[in-house]
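1. sharing a model prediction with you, sequence too.
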Amino acid sequence: MKKIKIIFYLILSLVFLCSVTHADDYQVEYAGALKNFMWKGDISAKFSLHELKGKKNLYALGAFENLKGEIQMFNSVPYNTVASQGKLVFDTSLKKKASLLVYTQVSEWQESTIPEEVISKKQLEEYIVKVAEQSGINIEKPFPFLIIGSAELIAWHVIDWNPNDTKHTHRKHIESGPNGKLKNIKAAVLGFYSNKHTAIFTHHTTNLHMHFKTADKKIAGHIDELILGKNMLLKLPKIK
């Protein structure tokens, strides 16, 4: 009887350890909220980027304090961008603060080739949810994803907000700083999915928030529209 009890408790311990590992594969954190500046005009700092220094396997996106630039970090390497005299420049110092930041740490990814019929952002969202569920990811919690390959189109911007303007719209955000459309461009896209964070870190029309960097590292920023190319890869956190 005593041996049976010992075996029983060992099994319970193993189950507990497995569940802890599963839960700790990644954790999405965020600071600030879109609604703060869209509805309240609050574009003040909510997070100091120096707190990210030294964190391994880090992936982050967001906007600088006072909406003066875009934040995107891939595997702990910053590709943050700002406007200087109307032109896009990179700022990798981690000395600034963020009005909005979403970040996580992922040590291992699993990948799949996105089907050719998945082209639009809406189709992409549906595909991400489908693959995430099949991979054991809890889609009721936010999770990160990567898309790698040659996109047919990326419409982008780097915000450079006028602090005297208190009326925020997405169109004004796009037109405030450097922006454009890239066609047939090799890029890496970092995104976060959540069906619970509308107006926090996703806009009201989508459950995705995505930033990017081009393969030649010349442009990086916020994605406004994305049309996928052929044979692009989707990467999701690997659940152990």
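-> On my side now, so go ahead.

2. residue contacts, the residue nearest to the spatial centre of the chain?
-> The residue lying closest to the centre of the chain (CA atoms, centre = their mean) is residue 191, at 3.2 Å. By CB atoms under 8 Å, 6 or more residues apart in numbering, residue 191 lies in contact with 61, 144, 145, 146, 147, 208, 209, 210, 211. Just so you know, the C-beta spots here come from the backbone N, C-alpha and C atoms, and that holds for glycine as well.

3. confidence-wise, which helix or strand of the chain is lowest on average?
-> helix 2-23 (a mean of 42; mean pLDDT, DSSP states H and E).

4. and whatever helix or strand comes next after it, which residues are buried?
-> Using DSSP states H and E, the helix or strand that follows helix 2-23 in sequence is strand 29-31. Within strand 29-31, the residues that count as buried by 16 or more other CB atoms under 10 Å are 30, 31.

5. list the neighbouring strands of strand 29-31 plus their orientation.
-> Paired neighbours of strand 29-31 in the sheet (DSSP bridges): strand 97-105 (antiparallel).

6. redo the contacts of residue 191 as CSV? Include neighbour count, pLDDT and secondary structure.
-> Below are the contacts of residue 191 laid out as CSV (neighbours: other CB atoms under 10 Å; pLDDT from 0 to 100; DSSP: H, G, I helix; E, B strand; the rest coil):
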residue, neighbour count, pLDDT, secondary structure
61, 27, 98, strand
144, 22, 98, strand
145, 23, 98, strand
146, 19, 98, strand
147, 23, 98, strand
208, 20, 98, strand
209, 24, 98, strand
210, 24, 98, strand
211, 28, 98, strand
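
7. and which of these is nearest to residue 132?
-> Proximity of the contacts of residue 191 to residue 132 was ranked by CB to CB; the top entry is residue 145 with 8.0 Å.

8. hmm, residue 236 and the closest one touching each other?
-> Yes - Residue 145 lies in contact with residue 236 (CB atoms under 8 Å); the separation is 5.5 Å.

9. what do the two both touch?
-> Shared contacts of residue 145 and residue 236 (CB under 8 Å, 6+ apart): 128, 132.

10. host element of the residue nearest to the centre of the chain?
-> strand 179-193.

11. the inter-axis angle of that strand versus strand 97-105?
-> 50 degrees (axes from the mean of the first three to the mean of the last three CA atoms, to 10 degrees).

12. restrict strand 179-193 to CA atoms and write it as CSV.
-> Extracted in CSV, the C-alpha atoms of strand 179-193 (Å, rounded to 0.1, in the frame of the first residue of the first chain):
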residue,chain,number,x,y,z
ASN,A,179,5.7,55.6,-44.6
GLY,A,180,5.3,53.7,-47.9
LYS,A,181,4.6,50.4,-49.7
LEU,A,182,7.1,47.7,-50.4
LYS,A,183,6.5,45.2,-53.1
ASN,A,184,8.1,41.7,-53.4
ILE,A,185,10.2,42.4,-50.4
LYS,A,186,12.2,39.9,-48.3
ALA,A,187,11.3,40.5,-44.7
ALA,A,188,10.9,39.2,-41.2
VAL,A,189,7.5,40.0,-39.5
LEU,A,190,7.0,39.9,-35.7
GLY,A,191,3.5,39.8,-34.5
PHE,A,192,1.3,39.2,-31.5
TYR,A,193,-2.1,37.5,-31.6
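
13. partner strands of that strand, parallel or antiparallel?
-> Assessed with DSSP bridges, strand 179-193 is paired to strand 143-157 (antiparallel), strand 208-214 (antiparallel).

14. and after the longest one, which helix or strand comes next?
-> The helix or strand immediately downstream of strand 143-157 is helix 170-175, counting by DSSP H and E.

15. elements contacting that following helix?
-> Counting contacts by 3 or more CB pairs under 8 Å, 6 or more residues apart in numbering; DSSP states H and E, helix 170-175 packs against strand 143-157.
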